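Asks: Starting from these lines, generate the structure:
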Amino acid sequence: MVSKATNDVIADWDMKANVIEWNEVATSVLGYAPGDIRTRNAFVSCLHEEDQAKVRKRLERAISEKASLPSVEYRFRKPDGSWLTLLDRSYIAYDSSGAPERTVSSLLDITERRKMEQALHEANQQLLENDERKNEFLAMLAHELRNPLAVISNTVELIRRVVPKAGERYTEALRKQVRVLTSMVDDLLDVSRVMRGSIALKNEPVDLTILSREAFDTALPMLNKKQLAPKLNLPDRSVVVLGDAIRLDQVLSNLLNNAIKYTDPGGEVALSLQAGDGWSDLRVRDTGIGVPIHVQEYIFDLFGQAERGLDRSEGGLGIGLTIAKNIVELHGGQIQLQSEGEGKGAEFTVKLPLAPKEVLLEKPVRAHSDPHPGKKRILIVEDNCSIAETLKELLEALGNDVSVVDNGIDALRETERFSPEVALIDIGLPGMDGYEVARQLRQNPRTRSSILAAISGYCQTSDRELAKAAGFNEHFAKPVEFASLVEFIESSTSRMH
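Replies: Below you'll find the predicted structure:
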(Lines give C-alpha, C1' and ligand atoms only; values in the text may rest on other atoms or scores of the structure.)
Protein backbone atom coordinates (compact mmCIF):
# COMPACT_ATOMS: atom_id res chain seq x y z
CA MET A 1 0.00 0.00 0.00
CA VAL A 2 1.11 3.54 -0.75
CA SER A 3 1.49 5.67 2.39
CA LYS A 4 -1.01 8.47 3.01
CA ALA A 5 0.73 10.12 6.00
CA THR A 6 3.04 12.39 4.02
CA ASN A 7 3.02 15.59 1.98
CA ASP A 8 5.34 14.04 -0.59
CA VAL A 9 4.10 12.36 -3.75
CA ILE A 10 4.69 8.61 -3.32
CA ALA A 11 4.90 6.36 -6.37
CA ASP A 12 5.08 2.56 -6.02
CA TRP A 13 6.13 1.06 -9.35
CA ASP A 14 5.67 -2.68 -9.82
CA MET A 15 8.46 -3.17 -12.32
CA LYS A 16 7.37 -6.66 -13.47
CA ALA A 17 3.75 -5.67 -14.13
CA ASN A 18 4.80 -2.11 -15.13
CA VAL A 19 2.07 -0.54 -13.00
CA ILE A 20 2.44 2.56 -10.85
CA GLU A 21 0.32 3.22 -7.79
CA TRP A 22 0.15 6.77 -6.41
CA ASN A 23 -0.83 8.20 -3.04
CA GLU A 24 -3.64 10.76 -2.74
CA VAL A 25 -1.19 13.67 -2.65
CA ALA A 26 -0.19 12.94 -6.25
CA THR A 27 -3.40 14.30 -7.74
CA SER A 28 -3.20 17.68 -5.96
CA VAL A 29 0.53 18.11 -6.69
CA LEU A 30 0.89 16.64 -10.19
CA GLY A 31 -2.57 17.62 -11.43
CA TYR A 32 -3.44 14.22 -12.94
CA ALA A 33 -6.44 12.12 -11.91
CA PRO A 34 -5.85 8.65 -10.40
CA GLY A 35 -5.14 6.23 -13.21
CA ASP A 36 -3.92 8.86 -15.70
CA ILE A 37 -0.31 7.80 -15.23
CA ARG A 38 -0.17 4.06 -14.76
CA THR A 39 3.07 3.08 -16.51
CA ARG A 40 6.69 4.12 -16.33
CA ASN A 41 6.70 5.33 -19.94
CA ALA A 42 3.62 7.45 -19.31
CA PHE A 43 5.38 9.10 -16.38
CA VAL A 44 8.65 9.70 -18.25
CA SER A 45 6.73 11.22 -21.19
CA CYS A 46 5.56 13.98 -18.81
CA LEU A 47 9.14 15.00 -18.09
CA HIS A 48 10.98 17.75 -19.93
CA GLU A 49 12.69 16.38 -23.03
CA GLU A 50 16.10 17.47 -21.71
CA ASP A 51 15.53 15.49 -18.47
CA GLN A 52 14.10 12.22 -19.88
CA ALA A 53 17.44 10.73 -20.90
CA LYS A 54 19.14 11.35 -17.55
CA VAL A 55 16.19 9.75 -15.69
CA ARG A 56 16.35 6.62 -17.87
CA LYS A 57 20.16 6.36 -17.60
CA ARG A 58 19.96 6.80 -13.83
CA LEU A 59 17.69 3.76 -13.52
CA GLU A 60 19.62 1.62 -16.02
CA ARG A 61 22.95 2.33 -14.30
CA ALA A 62 21.58 1.54 -10.83
CA ILE A 63 20.13 -1.78 -12.00
CA SER A 64 23.25 -2.86 -13.91
CA GLU A 65 25.49 -2.02 -10.95
CA LYS A 66 23.02 -3.20 -8.28
CA ALA A 67 23.51 0.24 -6.77
CA SER A 68 21.21 2.65 -5.02
CA LEU A 69 19.41 5.34 -6.98
CA PRO A 70 20.91 8.78 -6.45
CA SER A 71 18.55 11.70 -5.88
CA VAL A 72 17.71 13.59 -9.02
CA GLU A 73 15.86 16.76 -10.00
CA TYR A 74 13.74 17.05 -13.11
CA ARG A 75 10.99 19.15 -14.65
CA PHE A 76 7.49 17.69 -14.78
CA ARG A 77 4.72 19.02 -17.07
CA LYS A 78 1.24 19.30 -15.54
CA PRO A 79 -1.94 18.87 -17.63
CA ASP A 80 -2.34 22.67 -17.95
CA GLY A 81 1.15 22.93 -19.50
CA SER A 82 2.86 24.48 -16.44
CA TRP A 83 6.05 22.98 -15.08
CA LEU A 84 7.01 21.64 -11.68
CA THR A 85 10.52 20.96 -10.42
CA LEU A 86 10.54 17.66 -8.54
CA LEU A 87 13.20 16.17 -6.28
CA ASP A 88 13.08 12.39 -6.76
CA ARG A 89 14.42 10.11 -4.01
CA SER A 90 13.88 6.46 -4.95
CA TYR A 91 14.66 2.97 -3.71
CA ILE A 92 14.87 -0.26 -5.78
CA ALA A 93 13.81 -3.58 -4.24
CA TYR A 94 15.15 -6.85 -5.70
CA ASP A 95 13.58 -10.33 -5.54
CA SER A 96 15.32 -13.46 -4.28
CA SER A 97 16.93 -14.04 -7.67
CA GLY A 98 18.39 -10.54 -7.75
CA ALA A 99 16.01 -9.18 -10.38
CA PRO A 100 14.56 -5.68 -9.80
CA GLU A 101 11.06 -6.07 -8.45
CA ARG A 102 9.72 -2.64 -7.52
CA THR A 103 10.76 0.97 -7.12
CA VAL A 104 9.35 3.23 -4.43
CA SER A 105 9.83 6.94 -5.10
CA SER A 106 9.26 10.02 -2.96
CA LEU A 107 8.73 13.13 -5.11
CA LEU A 108 9.05 16.52 -3.44
CA ASP A 109 7.77 19.65 -5.18
CA ILE A 110 10.67 22.15 -4.99
CA THR A 111 9.38 24.49 -7.70
CA GLU A 112 9.03 27.52 -5.44
CA ARG A 113 12.38 26.86 -3.81
CA ARG A 114 14.11 26.80 -7.18
CA LYS A 115 12.25 29.93 -8.29
CA MET A 116 13.42 31.74 -5.16
CA GLU A 117 16.97 30.49 -5.67
CA GLN A 118 16.90 31.62 -9.29
CA ALA A 119 15.52 35.01 -8.30
CA LEU A 120 18.22 35.32 -5.63
CA HIS A 121 20.89 34.32 -8.15
CA GLU A 122 19.64 36.86 -10.68
CA ALA A 123 19.46 39.56 -8.01
CA ASN A 124 23.00 38.71 -6.90
CA GLN A 125 24.22 38.84 -10.51
CA GLN A 126 22.56 42.23 -10.89
CA LEU A 127 24.28 43.47 -7.73
CA LEU A 128 27.63 42.21 -9.00
CA GLU A 129 27.07 43.93 -12.34
CA ASN A 130 26.01 47.14 -10.61
CA ASP A 131 29.05 46.94 -8.34
CA GLU A 132 31.34 46.43 -11.33
CA ARG A 133 29.78 49.40 -13.12
CA LYS A 134 30.17 51.45 -9.94
CA ASN A 135 33.84 50.50 -9.69
CA GLU A 136 34.39 51.38 -13.35
CA PHE A 137 32.64 54.69 -12.78
CA LEU A 138 34.76 55.47 -9.70
CA ALA A 139 37.94 54.64 -11.60
CA MET A 140 36.91 56.89 -14.49
CA LEU A 141 35.80 59.64 -12.10
CA ALA A 142 39.13 59.46 -10.29
CA HIS A 143 40.99 59.67 -13.59
CA GLU A 144 39.01 62.70 -14.72
CA LEU A 145 39.53 64.43 -11.36
CA ARG A 146 43.24 63.64 -11.12
CA ASN A 147 44.22 65.42 -14.34
CA PRO A 148 43.00 68.89 -13.27
CA LEU A 149 44.32 68.24 -9.76
CA ALA A 150 47.74 67.49 -11.27
CA VAL A 151 47.70 70.81 -13.16
CA ILE A 152 46.69 72.71 -10.02
CA SER A 153 49.28 70.91 -7.90
CA ASN A 154 52.10 71.58 -10.38
CA THR A 155 51.05 75.22 -10.81
CA VAL A 156 50.95 75.81 -7.06
CA GLU A 157 54.43 74.30 -6.77
CA LEU A 158 55.67 76.64 -9.50
CA ILE A 159 54.05 79.68 -7.88
CA ARG A 160 55.55 78.74 -4.54
CA ARG A 161 59.02 78.88 -6.10
CA VAL A 162 58.64 82.31 -7.70
CA VAL A 163 56.29 84.41 -5.54
CA PRO A 164 57.64 86.57 -2.69
CA LYS A 165 57.76 85.03 0.75
CA ALA A 166 54.66 87.00 1.72
CA GLY A 167 52.62 84.87 -0.68
CA GLU A 168 53.53 81.57 0.95
CA ARG A 169 50.38 81.41 3.03
CA TYR A 170 48.27 81.59 -0.13
CA THR A 171 50.15 78.85 -1.92
CA GLU A 172 50.10 76.72 1.22
CA ALA A 173 46.32 77.12 1.40
CA LEU A 174 46.05 75.93 -2.21
CA ARG A 175 48.40 72.99 -1.56
CA LYS A 176 46.30 72.00 1.44
CA GLN A 177 43.09 71.95 -0.59
CA VAL A 178 44.75 69.92 -3.34
CA ARG A 179 45.82 67.39 -0.70
CA VAL A 180 42.26 67.29 0.68
CA LEU A 181 40.73 66.70 -2.75
CA THR A 182 43.37 64.10 -3.62
CA SER A 183 42.73 62.33 -0.33
CA MET A 184 39.00 62.22 -1.07
CA VAL A 185 39.64 60.73 -4.51
CA ASP A 186 41.96 58.13 -2.96
CA ASP A 187 39.34 57.28 -0.33
CA LEU A 188 36.68 56.77 -2.99
CA LEU A 189 38.88 54.22 -4.72
CA ASP A 190 40.04 52.65 -1.46
CA VAL A 191 36.52 52.03 -0.23
CA SER A 192 35.79 50.27 -3.52
CA ARG A 193 38.83 48.06 -2.92
CA VAL A 194 37.74 47.48 0.70
CA MET A 195 34.30 46.28 -0.38
CA ARG A 196 35.91 43.88 -2.88
CA GLY A 197 38.61 42.82 -0.43
CA SER A 198 41.27 43.69 -2.97
CA ILE A 199 43.62 45.99 -1.07
CA ALA A 200 47.13 44.71 -1.81
CA LEU A 201 49.87 45.04 0.82
CA LYS A 202 53.63 44.88 0.74
CA ASN A 203 55.14 42.76 3.48
CA GLU A 204 58.36 44.38 4.67
CA PRO A 205 59.90 45.32 8.03
CA VAL A 206 58.43 48.65 9.19
CA ASP A 207 59.79 50.56 12.19
CA LEU A 208 56.70 51.99 13.92
CA THR A 209 58.90 54.27 16.04
CA ILE A 210 60.20 56.04 12.94
CA LEU A 211 56.85 55.97 11.16
CA SER A 212 55.06 57.43 14.22
CA ARG A 213 57.58 60.24 14.66
CA GLU A 214 57.37 61.20 10.99
CA ALA A 215 53.55 61.11 10.99
CA PHE A 216 53.46 63.28 14.13
CA ASP A 217 55.96 65.73 12.65
CA THR A 218 53.75 66.00 9.57
CA ALA A 219 50.75 66.74 11.79
CA LEU A 220 52.56 69.39 13.91
CA PRO A 221 51.72 72.37 11.64
CA MET A 222 48.01 71.51 11.90
CA LEU A 223 48.31 71.03 15.66
CA ASN A 224 50.02 74.38 16.10
CA LYS A 225 47.60 76.18 13.77
CA LYS A 226 44.65 74.92 15.83
CA GLN A 227 46.45 75.71 19.10
CA LEU A 228 46.42 72.13 20.33
CA ALA A 229 48.95 70.77 22.80
CA PRO A 230 50.97 67.98 21.11
CA LYS A 231 52.04 65.01 23.23
CA LEU A 232 54.40 62.39 21.80
CA ASN A 233 55.54 59.35 23.77
CA LEU A 234 57.71 56.95 21.77
CA PRO A 235 60.16 54.27 22.93
CA ASP A 236 63.89 54.89 22.44
CA ARG A 237 64.21 51.70 20.41
CA SER A 238 62.80 50.28 17.20
CA VAL A 239 59.37 48.64 17.23
CA VAL A 240 59.29 46.54 14.08
CA VAL A 241 56.27 44.96 12.43
CA LEU A 242 55.85 43.27 9.07
CA GLY A 243 53.64 45.25 6.75
CA ASP A 244 53.13 48.05 4.28
CA ALA A 245 54.68 51.32 5.46
CA ILE A 246 52.53 53.47 3.18
CA ARG A 247 49.28 51.84 4.30
CA LEU A 248 50.23 51.96 7.99
CA ASP A 249 51.13 55.63 7.60
CA GLN A 250 47.68 56.09 6.02
CA VAL A 251 46.04 54.59 9.13
CA LEU A 252 48.05 56.71 11.54
CA SER A 253 47.57 59.91 9.54
CA ASN A 254 43.83 59.29 9.42
CA LEU A 255 43.64 58.89 13.20
CA LEU A 256 45.78 61.97 13.85
CA ASN A 257 43.81 64.09 11.37
CA ASN A 258 40.53 63.02 12.97
CA ALA A 259 41.86 63.85 16.43
CA ILE A 260 42.92 67.32 15.28
CA LYS A 261 39.71 67.88 13.33
CA TYR A 262 37.41 67.08 16.25
CA THR A 263 39.32 68.80 19.07
CA ASP A 264 38.68 72.46 19.92
CA PRO A 265 41.53 74.98 20.37
CA GLY A 266 43.20 74.59 23.74
CA GLY A 267 42.77 70.82 23.72
CA GLU A 268 45.37 68.07 23.50
CA VAL A 269 46.29 65.39 20.96
CA ALA A 270 48.63 62.61 22.07
CA LEU A 271 50.39 59.81 20.23
CA SER A 272 52.05 56.95 22.10
CA LEU A 273 53.68 53.66 21.16
CA GLN A 274 54.52 50.66 23.32
CA ALA A 275 55.51 47.07 22.65
CA GLY A 276 55.30 43.85 24.61
CA ASP A 277 54.00 40.26 24.63
CA GLY A 278 54.43 39.98 20.87
CA TRP A 279 52.29 43.04 20.08
CA SER A 280 52.79 46.72 19.36
CA ASP A 281 50.33 49.15 20.94
CA LEU A 282 49.83 52.42 19.07
CA ARG A 283 47.41 54.96 20.60
CA VAL A 284 46.03 58.26 19.37
CA ARG A 285 44.19 60.15 22.13
CA ASP A 286 42.43 63.52 22.07
CA THR A 287 40.39 65.69 24.43
CA GLY A 288 37.88 66.59 21.72
CA ILE A 289 34.18 66.17 21.11
CA GLY A 290 34.23 62.44 21.80
CA VAL A 291 32.00 59.80 20.23
CA PRO A 292 28.39 59.39 21.39
CA ILE A 293 27.71 55.97 22.89
CA HIS A 294 25.05 55.11 20.30
CA VAL A 295 27.51 55.86 17.47
CA GLN A 296 30.39 53.76 18.78
CA GLU A 297 28.89 50.44 17.68
CA TYR A 298 29.02 51.44 14.00
CA ILE A 299 31.87 53.99 13.95
CA PHE A 300 34.01 51.63 11.82
CA ASP A 301 31.17 50.81 9.42
CA LEU A 302 31.03 52.29 5.95
CA PHE A 303 29.80 55.91 6.14
CA GLY A 304 29.55 55.47 9.90
CA GLN A 305 29.86 59.11 11.01
CA ALA A 306 28.28 60.83 13.92
CA GLU A 307 25.82 63.58 13.07
CA ARG A 308 27.41 66.83 11.91
CA GLY A 309 26.03 70.29 11.43
CA LEU A 310 24.63 71.45 8.11
CA ASP A 311 27.87 73.23 7.29
CA ARG A 312 29.78 69.90 7.62
CA SER A 313 32.84 71.97 8.52
CA GLU A 314 34.37 68.96 10.24
CA GLY A 315 32.91 66.37 7.91
CA GLY A 316 34.31 64.03 5.33
CA LEU A 317 33.20 61.06 3.32
CA GLY A 318 32.74 58.94 6.43
CA ILE A 319 34.93 56.11 5.09
CA GLY A 320 38.35 56.78 6.61
CA LEU A 321 37.86 54.59 9.67
CA THR A 322 36.40 51.78 7.54
CA ILE A 323 39.55 51.81 5.42
CA ALA A 324 41.78 52.05 8.51
CA LYS A 325 40.08 49.04 10.13
CA ASN A 326 40.43 46.99 6.97
CA ILE A 327 44.13 47.84 6.60
CA VAL A 328 44.86 47.01 10.24
CA GLU A 329 43.04 43.68 10.03
CA LEU A 330 44.88 42.79 6.82
CA HIS A 331 48.07 43.21 8.89
CA GLY A 332 46.71 40.71 11.42
CA GLY A 333 45.94 43.46 13.92
CA GLN A 334 43.02 45.11 15.69
CA ILE A 335 41.74 48.67 15.98
CA GLN A 336 39.57 49.76 18.92
CA LEU A 337 37.83 52.90 20.13
CA GLN A 338 37.50 54.04 23.72
CA SER A 339 35.34 57.07 24.49
CA GLU A 340 33.18 57.87 27.50
CA GLY A 341 30.77 59.69 25.26
CA GLU A 342 30.01 63.07 23.79
CA GLY A 343 32.39 65.83 24.88
CA LYS A 344 34.76 63.43 26.64
CA GLY A 345 37.46 62.84 24.03
CA ALA A 346 38.41 59.64 22.29
CA GLU A 347 41.27 57.18 22.09
CA PHE A 348 41.94 54.86 19.16
CA THR A 349 44.22 51.89 19.78
CA VAL A 350 45.95 50.00 16.97
CA LYS A 351 47.46 46.65 17.91
CA LEU A 352 49.80 44.96 15.43
CA PRO A 353 51.81 41.74 15.83
CA LEU A 354 55.54 42.35 16.21
CA ALA A 355 57.87 40.98 13.56
CA PRO A 356 59.70 37.72 14.36
CA LYS A 357 63.06 38.20 16.07
CA GLU A 358 65.03 37.12 13.00
CA VAL A 359 63.49 40.01 11.05
CA LEU A 360 64.70 42.59 13.56
CA LEU A 361 68.25 42.37 12.20
CA GLU A 362 67.11 43.55 8.78
CA LYS A 363 66.99 47.23 7.94
CA PRO A 364 63.42 48.43 8.57
CA VAL A 365 61.53 50.34 5.90
CA ARG A 366 61.50 54.08 6.57
CA ALA A 367 58.85 56.41 5.34
CA HIS A 368 61.35 58.62 3.47
CA SER A 369 64.92 58.56 2.15
CA ASP A 370 67.36 61.34 1.42
CA PRO A 371 67.56 62.43 -2.24
CA HIS A 372 70.82 62.80 -4.16
CA PRO A 373 70.43 65.81 -6.48
CA GLY A 374 71.97 65.96 -9.95
CA LYS A 375 71.15 66.84 -13.55
CA LYS A 376 69.18 64.19 -15.42
CA ARG A 377 67.82 63.75 -18.94
CA ILE A 378 64.09 63.33 -18.39
CA LEU A 379 61.45 62.55 -21.01
CA ILE A 380 57.82 63.47 -20.23
CA VAL A 381 55.17 61.64 -22.29
CA GLU A 382 51.84 63.34 -21.51
CA ASP A 383 48.95 64.38 -23.77
CA ASN A 384 47.61 66.94 -21.28
CA CYS A 385 49.73 69.95 -22.24
CA SER A 386 49.06 71.81 -18.97
CA ILE A 387 50.35 68.91 -16.89
CA ALA A 388 53.33 68.37 -19.19
CA GLU A 389 54.43 72.01 -19.31
CA THR A 390 54.09 72.69 -15.57
CA LEU A 391 55.95 69.48 -14.72
CA LYS A 392 58.64 70.35 -17.28
CA GLU A 393 59.16 73.77 -15.67
CA LEU A 394 59.43 72.24 -12.20
CA LEU A 395 62.01 69.67 -13.28
CA GLU A 396 64.00 72.22 -15.28
CA ALA A 397 64.07 74.50 -12.24
CA LEU A 398 66.12 71.77 -10.54
CA GLY A 399 68.64 71.81 -13.39
CA ASN A 400 67.37 68.80 -15.35
CA ASP A 401 67.34 68.54 -19.13
CA VAL A 402 63.67 67.85 -19.99
CA SER A 403 61.96 66.93 -23.25
CA VAL A 404 58.17 66.66 -23.74
CA VAL A 405 56.10 64.70 -26.26
CA ASP A 406 52.35 64.07 -26.27
CA ASN A 407 52.03 60.59 -27.79
CA GLY A 408 53.68 57.17 -27.84
CA ILE A 409 55.03 57.25 -31.42
CA ASP A 410 56.84 60.55 -30.80
CA ALA A 411 58.14 59.17 -27.50
CA LEU A 412 59.86 56.30 -29.29
CA ARG A 413 61.33 58.67 -31.87
CA GLU A 414 62.53 61.11 -29.22
CA THR A 415 64.39 58.38 -27.34
CA GLU A 416 66.64 57.91 -30.39
CA ARG A 417 67.71 61.55 -30.19
CA PHE A 418 67.46 62.21 -26.46
CA SER A 419 68.42 58.87 -24.79
CA PRO A 420 66.56 59.71 -21.56
CA GLU A 421 67.76 58.45 -18.21
CA VAL A 422 64.23 58.81 -16.86
CA ALA A 423 60.87 58.64 -18.67
CA LEU A 424 57.67 59.82 -16.98
CA ILE A 425 54.85 58.30 -19.01
CA ASP A 426 51.08 58.82 -18.90
CA ILE A 427 49.08 55.61 -19.42
CA GLY A 428 46.02 56.97 -21.21
CA LEU A 429 47.80 58.25 -24.32
CA PRO A 430 46.09 58.55 -27.71
CA GLY A 431 46.89 55.68 -30.07
CA MET A 432 49.71 53.73 -28.42
CA ASP A 433 49.05 53.58 -24.67
CA GLY A 434 51.68 54.02 -21.97
CA TYR A 435 52.03 50.28 -21.34
CA GLU A 436 53.06 49.64 -24.95
CA VAL A 437 55.45 52.62 -24.84
CA ALA A 438 57.14 51.10 -21.78
CA ARG A 439 57.37 47.66 -23.37
CA GLN A 440 59.04 49.07 -26.48
CA LEU A 441 61.43 51.23 -24.44
CA ARG A 442 62.50 48.11 -22.56
CA GLN A 443 63.32 46.45 -25.90
CA ASN A 444 65.39 49.41 -27.13
CA PRO A 445 69.11 49.17 -26.19
CA ARG A 446 69.17 52.96 -25.64
CA THR A 447 66.45 52.84 -22.98
CA ARG A 448 66.59 49.26 -21.74
CA SER A 449 68.07 50.40 -18.43
CA SER A 450 66.23 53.72 -18.16
CA ILE A 451 64.06 54.49 -15.16
CA LEU A 452 60.41 54.36 -16.22
CA ALA A 453 57.62 55.81 -14.08
CA ALA A 454 53.93 55.73 -14.91
CA ILE A 455 52.13 58.92 -13.85
CA SER A 456 48.48 58.18 -14.33
CA GLY A 457 44.94 58.88 -13.24
CA TYR A 458 44.34 55.13 -13.44
CA CYS A 459 45.70 53.79 -10.17
CA GLN A 460 43.82 50.73 -9.02
CA THR A 461 45.73 47.62 -8.00
CA SER A 462 45.18 46.10 -11.45
CA ASP A 463 46.63 49.26 -13.07
CA ARG A 464 49.76 49.02 -10.92
CA GLU A 465 50.16 45.35 -11.79
CA LEU A 466 49.84 46.10 -15.51
CA ALA A 467 52.44 48.86 -15.15
CA LYS A 468 54.87 46.50 -13.45
CA ALA A 469 54.33 43.84 -16.11
CA ALA A 470 54.97 46.41 -18.86
CA GLY A 471 58.37 47.28 -17.38
CA PHE A 472 57.70 50.37 -15.25
CA ASN A 473 59.85 50.85 -12.16
CA GLU A 474 57.13 52.78 -10.34
CA HIS A 475 53.52 53.87 -10.66
CA PHE A 476 52.45 57.31 -9.39
CA ALA A 477 48.86 58.48 -9.05
CA LYS A 478 48.04 61.97 -10.26
CA PRO A 479 48.55 64.44 -8.76
CA VAL A 480 51.96 63.22 -7.66
CA GLU A 481 53.66 65.04 -4.80
CA PHE A 482 56.56 66.76 -6.53
CA ALA A 483 58.93 66.10 -3.63
CA SER A 484 58.11 62.37 -3.81
CA LEU A 485 58.71 62.35 -7.57
CA VAL A 486 62.07 64.09 -7.19
CA GLU A 487 63.06 61.69 -4.43
CA PHE A 488 62.18 58.71 -6.65
CA ILE A 489 64.15 60.10 -9.59
CA GLU A 490 67.22 60.86 -7.49
CA SER A 491 67.25 57.58 -5.59
CA SER A 492 66.56 55.48 -8.71
CA THR A 493 69.19 57.13 -10.88
CA SER A 494 71.77 57.03 -8.09
CA ARG A 495 71.48 53.24 -8.13
CA MET A 496 72.20 53.25 -11.88
CA HIS A 497 75.63 54.81 -11.45
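
Asks: Verify the contact between Val241 and Trp279 for me.
Replies: No - at 9.3 Å, Val241 and Trp279 do not qualify as touching, with contact defined as Cβ atoms under 8 Å. Bear in mind the C-beta positions are built from the backbone N, C-alpha and C, glycine included.

Asks: and those two? which has more neighbours close in?
Replies: Legend: neighbour count by other Cβ atoms under 10 Å for Val241 and Trp279, higher for Val241 (25 against 14).

Asks: SS state for that one?
Replies: Of the three states, Val241 takes strand according to DSSP: H, G, I helix; E, B strand; the rest coil.

Asks: Not counting its neighbours along the chain, what's nearest it?
Replies: Spatially, and ignoring its direct neighbours in sequence, Val241 is nearest to Leu352 (4.7 Å; Cβ to Cβ, 6 or more residues apart in numbering).

Asks: and if you look at Ala453?
Replies: Once flanking residues are discounted, Ala453 sits nearest to Glu474: 4.6 Å by Cβ to Cβ, 6+ apart.

Asks: For Leu252, see how far away that neighbour is.
Replies: Going from Glu474 to Leu252 by Cβ to Cβ, to the nearest Å gives 23 Å.

Asks: Neighbour count: those two, which is higher?
Replies: A count of neighbours by other Cβ under 10 Å puts Leu252 above the other of Glu474 and Leu252, at 25 against 19.

Asks: And the more buried one, which helix or strand is it part of?
Replies: If you go by DSSP states H and E, Leu252 is part of helix 245-261.

Asks: after that helix, next one along is what?
Replies: strand 268-276.

Asks: Now do the buried residues in that next one.
Replies: 268-273, 275 (16 or more other Cβ atoms under 10 Å).

Asks: And those, which is closest to Gln460?
Replies: Leu271 (31.3 Å; Cβ to Cβ).

Asks: Do you know the pLDDT at the closest one?
Replies: Leu271 carries a pLDDT value of 96.

Asks: Thr493 too?
Replies: We have a pLDDT of 78 for Thr493.

Asks: Helices of the chain, residue ranges please.
Replies: 25-30, 40-44, 49-65, 111-162, 168-196, 208-225, 245-261, 293-296, 320-330, 385-397, 408-418, 434-443, 461-470, 482-496 (DSSP state H).

Asks: Other residues contacting the first one?
Replies: It stands for helix 25-30. Residues from elsewhere that reach helix 25-30, judged by Cβ atoms under 8 Å, 6 or more residues apart in numbering: 6-11, 32-34, 37, 76, 78, 84, 107, 109.

Asks: rewinding a little: as CSV, the buried residues of strand 268-276 with distance to Pro230 would be great.
Replies: CSV is the format used below for these (distance: Cβ to Cβ, whole Å):
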residue, distance to Pro230
Glu268, 8
Val269, 6
Ala270, 8
Leu271, 8
Ser272, 12
Leu273, 15
Ala275, 22
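
Asks: Could you verify my assumption that the residue nearest to Ala453 touches Cys459?
Replies: No - taking Cβ under 8 Å as the definition, Glu474 is not a contact partner of Cys459, at 11.7 Å.

Asks: picking that back up, I'd like to know how many residues surround the residue nearest to Val241.
Replies: Leu352: 24 neighbours (other Cβ under 10 Å).

Asks: try Gln443
Replies: When neighbours are defined as other Cβ under 10 Å, Gln443 has 10 of them.

Asks: Which pLDDT value belongs to it?
Replies: What the model reports for Gln443 is a pLDDT of 93.

Asks: So the residue lying closest to Asp281 once chain neighbours are set aside versus Asp249, what's the distance?
Replies: Spatial nearest neighbour of Asp281, excluding adjacent residues (Cβ to Cβ, 6+ apart): Gln274 at 4.5 Å. Going from Gln274 to Asp249 by Cβ to Cβ gives 19 Å.

Asks: Could you do Tyr298 as well?
Replies: 26 Å.

Asks: Tell me which of these two has more neighbours.
Replies: Each of Tyr298 and Asp249 has its neighbours counted (other Cβ under 10 Å); Asp249 has more, 17 against 12.

Asks: Touching, that one and Arg213? I think so.
Replies: No - contact criterion Cβ under 8 Å: Asp249 and Arg213 do not qualify, at 11.5 Å.

Asks: what about Ser106, how many neighbours?
Replies: 18.

Asks: who touches it in this structure?
Replies: Taking Cβ under 8 Å, 6+ apart as the test, what Ser106 contacts is 6, 8-10, 88-90.

Asks: Per-residue confidence, His372, what does it come out as?
Replies: 43.

Asks: same question, the one 4 residues further on
Replies: Here the pLDDT value assigned to Lys376 is 89.

Asks: same check, this time on Asp311
Replies: 37.

Asks: do Asp277 as well
Replies: Asp277 is assigned 89 on the pLDDT scale.

Asks: Renumber starting at 47 from here on
Replies: Will do, 47 is the new start, and the previous item becomes Asp323.

Asks: on that earlier part again, now the contacts of helix 71-76: which count as buried?
Replies: 54-57, 78, 83, 122, 130, 153, 155.

Asks: Among these, name the ones in strands.
Replies: Cross-referencing the buried ones among the contacts of helix 71-76 against strands under DSSP state E gives 55-57, 122, 130, 153, 155.

Asks: Pick the one among those residues closest to Gly144.
Replies: For these, the nearest to Gly144 is Ala57 (22.9 Å; Cβ to Cβ).

Asks: Next up, the contacts around Leu383.
Replies: 337, 342, 345-346, 392-395.

Asks: Low-confidence stretches in the stretch 97-246 of the chain?
Replies: Within the stretch 97-246 of the chain, the stretches with pLDDT under 70 are 181, 185, 209-216, 218-219, 222, 226, 229-230, 233-246.

Asks: one more time with 90
Replies: 111-114, 142-144, 170-246 (pLDDT under 90).

Asks: ok, Lys103 to Arg463 distance?
Replies: Distance from Lys103 to Arg463, by Cβ to Cβ: 73 Å.

Asks: now Ala261
Replies: Per Cβ to Cβ, Ala261 is found 44 Å from Arg463.

Asks: before we move on, what about His167?
Replies: Per Cβ to Cβ, His167 is found 59 Å from Arg463.

Asks: Ser537 too?
Replies: 27 Å.

Asks: So for these two, which sits in the more crowded spot?
Replies: Neighbour count, other Cβ under 10 Å: between Ser537 and Arg463, Ser537 has more, with 14 against 9.

Asks: Just list the residues touching the residue lying closest to Ala523 once chain neighbours are set aside, thanks.
Replies: Closest residue to Ala523 apart from its sequence neighbours, by Cβ to Cβ, 6+ apart: Cys505 at 3.8 Å. In this structure, Cys505 makes contact with 188, 192, 235, 521, 523-524, judged by Cβ under 8 Å, 6+ apart.

Asks: Between those, which sits nearest Lys307?
Replies: Leu235 (21.7 Å).

Asks: burial of Leu247, as a residue count?
Replies: Applying other Cβ under 10 Å, we find 14 residues neighbouring Leu247.

Asks: For it, give me the pLDDT.
Replies: pLDDT for Leu247: 76.

Asks: show me the contacts for it.
Replies: Per Cβ under 8 Å, 6+ apart, neighbours of Leu247: 289-290, 293, 373, 376-377.

Asks: how about 7 Å then?
Replies: The contact partners of Leu247, taken as Cβ atoms under 7 Å, 6 or more residues apart in numbering, are 289-290, 293, 376.
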